[in-house]
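*Asks:* Got a predicted structure plus its sequence, pasted below:
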Amino acid sequence: MDTTYYDHGAPAERWERARMFFDAKEYATAARVLGALVEEVPEQTGPRLLLARAYYHSAQLGRAESELRRIVERDPVEQYARLLLGRTLERQGRTAEAEPHLRLASALAGDFTEL
């Protein structure tokens, strides 16, 4: 398949295109656009987090986990990445491994009721 459309334009244009696909629930297509963008700007959390979300929603759980682990390695207090990592692990049946991430995400969100 021709990738010209997915890779065409400035990073800001590709970011908007990826968000458009994500909002339209075309998660695999959004991931395709975001993959190249993340390689181009690996230091930015926003594109990588949206890529992880696109992977999660398109049931590419191993890829989602990998991206989320990169985010929390670089930014251990990124609350949404922790939450999504926990949910990704749960969805893979790895509940015990998910629990610490979910508890930390809850604490970072200010929800101390379960701690």
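*Replies:* Arrived safely, thanks for sending.
*Asks:* Go ahead and report the secondary structure state at the spatially most central residue of the chain.
*Replies:* The residue lying closest to the centre of the chain (Cα atoms, centre = their mean) is Ala52, at 2.1 Å. Here Ala52 is helix, with the state taken from DSSP: H, G, I helix; E, B strand; the rest coil.
*Asks:* the bottom helix or strand of the protein by mean pLDDT?
*Replies:* Lowest mean confidence among the helices and strands of the chain (mean pLDDT, DSSP states H and E): helix 4-7, at a mean of 68.
*Asks:* Thr29 reaches Arg19, doesn't it?
*Replies:* No: assessed by Cβ atoms under 8 Å, Thr29 is found out of contact with Arg19, at 11.6 Å. For every residue, glycine as well, the C-beta is placed using N, CA and C.
*Asks:* Could you check which of the two has the larger neighbour count?
*Replies:* Neighbours per residue, other Cβ atoms under 10 Å: of Thr29 and Arg19, the larger number sits with Thr29, 19 against 16.
*Asks:* Once you drop chain neighbours, what's closest to that one?
*Replies:* Residue nearest to Thr29 in three dimensions, not counting chain neighbours: Phe21, with 4.5 Å by Cβ to Cβ, 6 or more residues apart in numbering.
*Asks:* could you dump whichever strand or helix holds that neighbour to PDB, C-alpha only?
*Replies:* Using DSSP states H and E, Phe21 sits in helix 11-23. Extracted in PDB, the C-alpha atoms of helix 11-23 (Å, rounded to 0.1, in the frame of the first residue of the first chain):
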ATOM      1  CA  PRO A  11       4.900  17.200  11.500                       C
ATOM      2  CA  ALA A  12       2.000  19.400  12.500                       C
ATOM      3  CA  GLU A  13       0.000  18.400   9.500                       C
ATOM      4  CA  ARG A  14       0.600  14.700  10.200                       C
ATOM      5  CA  TRP A  15      -0.300  15.200  13.800                       C
ATOM      6  CA  GLU A  16      -3.700  16.700  12.800                       C
ATOM      7  CA  ARG A  17      -4.200  13.900  10.200                       C
ATOM      8  CA  ALA A  18      -3.500  11.300  12.900                       C
ATOM      9  CA  ARG A  19      -5.900  13.000  15.300                       C
ATOM     10  CA  MET A  20      -8.600  13.100  12.600                       C
ATOM     11  CA  PHE A  21      -8.200   9.300  12.000                       C
ATOM     12  CA  PHE A  22      -8.200   8.600  15.800                       C
ATOM     13  CA  ASP A  23     -11.300  10.700  16.300                       C
END
